[in-house]
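A.B. asks: Next comes the sequence, and after it the predicted model I'd like to discuss.
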Amino acid sequence: MSKFDKLVGQGYNDIFHTISLCTLDIICESALGTNIDAQRRHTKYLDAVFNMKFIIHQRQIKPLYYPNVLFNLIGHGKDQQEYVQILHDFTSNAVKKRKALIDAAGGFENYFKREKSSGHGRMAFLDLMLEMLEKGDLDREGLQEEVDTFTFEGHDTTSAAMNFFIHLMGSNPEIQAKVQQEVDDVVGDTPRDITFDDIGRLKYLEACFKETLRLYPSVPLIARQVTEEVNINGHTLPEGTGVIIIPSMVHKDPKYWTNPDVFNPERFIDNELKHPYCYIPFSAGSRNCIGQRFAMMEEKCVIARILREFKVKSKVRTDQLRLSAELIIRPMYGNHIRFERRSYGDYSQII
Ligand code: HEM
């Protein structure tokens, strides 16, 4: 909030990275119980996270780098080793610190009892995994992989969605005013943090978030391998075929969506879904996203705070926004937004 406050009266600014740092802080605190303070402090860990995303994407789009030998010789193989080491050191430190706290409390049960009585009453994702490690249900390497997947899957996706949400609010003033009205009704006339109870009441904001993910599903494609021969619409896909599913195409299929190019949150209030798989921003089936409820809560908390305190306007119209599909989709030239302060009951918008 204080970062956006500084942008008031400063014209349009690209906020894409600012939001990414925020969602990285959120996932690290929730999943690892560690405050990395990414929004205020520049660290080696932060560089490693952003550089690794670049390297993984480069390798995906450049077949020359597929063989390890070429990747190591002329690609980013050496840099990757260095960054992976930084990421792994960070997670193993977080694990060690947490484990030391648990040991000092005399084991898991005492530790969780103490946390509950101190009013926190919450377990970071890491705590659950440490418990599994202790019981032998997970090994160290498995824990490391889960933590890395979580930090990566859990911040870039939510950051993209939040950015597109703000862009859509900034280019649809009447819808922005409706969200602000709902937030005012729920939060009241004094700005404050959003509570668990508020989250359930922010129904229109939820519809806007779902509609944002329909138009801009953070994950641009989902890859699968067919494990047994399957027939789809008269076409036979033999076992072993690689299949790419592009959610944004599914989400704009006129067979299932009326006026698919129009941003219309009402369709999620009226529950328009014509087919169980015509809306798949979180994928579907046994490997769907395990963070979707978390993502929804996070988006509601942050967006409600932003729109409670600010009006936003986008520099470009939605039809002018160019997209880039990397590990996630993002606005190719950034997310340029103007901020103005607002107070309770003010539904005028920036012209
Ligand atoms: C708007 C936010 C998000 C979107 C759009 C999203 C989307 C997805 C999609 C499409 C997949 C399936 C990928 C595939 O099948 O190839 C996935 C998997 C996954 N997501 Fe998310 N995600 C979001 C937020 C999160 C968050 C916040 C977390 C962690 C707290 C998370 C953790 C995961 C994990 C661990 C998987 C792998 C599940 C598995 O392979 O069994 N995601 N996500």
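C.D. replies: That came in fine, so what should we check first?
A.B. asks: for stretch 105-121, which positions count as buried?
C.D. replies: For stretch 105-121, a neighbour-count test (16 or more other C-beta atoms under 10 Å) marks Phe108, Tyr111, Phe112, Glu115 as buried. C-beta here means a position set from N, CA and C on the backbone, and glycine is covered the same way.
A.B. asks: What average pLDDT does that stretch get?
C.D. replies: The pLDDT scores in stretch 105-121 average 75.
A.B. asks: distance between it and the chain's centre?
C.D. replies: Offset of stretch 105-121 from its chain centre (C-alpha atoms, centre = their mean, to the nearest Å): 29 Å.
A.B. asks: What residues does the stretch 101-250 of the chain have near the ligand?
C.D. replies: Thr149, Phe150, Glu153, Gly154, Thr157, Thr158, Ala161, Leu213, Pro217, Ser218, Val219, Ile222 (C-beta under 6 Å from any ligand atom).
A.B. asks: hang on, the earlier thing: grab the two from the buried residues of stretch 105-121 that are most spread out in space.
C.D. replies: Maximum pairwise distance among the buried residues of stretch 105-121 (C-beta to C-beta): 10.5 Å, between Phe108 and Glu115.
A.B. asks: Where does the stretch 251-351 of the chain get nearest to the ligand, residue-wise?
C.D. replies: The ligand sits closest to Gly291 of the stretch 251-351 of the chain, with a gap of 2.1 Å, by C-beta to the nearest ligand atom.
A.B. asks: show me the residues around that residue that make contact.
C.D. replies: The neighbourhood of Gly291, defined by C-beta atoms under 8 Å, 6 or more residues apart in numbering, consists of Phe150, Glu153, Gly154, Thr157.
A.B. asks: For the stretch 201-350 of the chain, just list every one of the helices.
C.D. replies: Secondary structure of the stretch 201-350 of the chain (DSSP state H, counting those that start in this stretch): helices at 203-215, 247-250, 266-269, 292-309.
A.B. asks: Now mean pLDDT too, for those helices, in a markdown table please.
C.D. replies: Shown next, in a markdown table, are those (pLDDT from 0 to 100):
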| stretch | mean pLDDT |
| --- | --- |
| helix 203-215 | 98 |
| helix 247-250 | 97 |
| helix 266-269 | 94 |
| helix 292-309 | 96 |
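A.B. asks: Mean neighbour count, those helices: which tops it?
C.D. replies: Highest mean neighbour count of the helices of the stretch 201-350 of the chain: helix 203-215, a mean of 22 (counted as mean count of other C-beta atoms under 10 Å).
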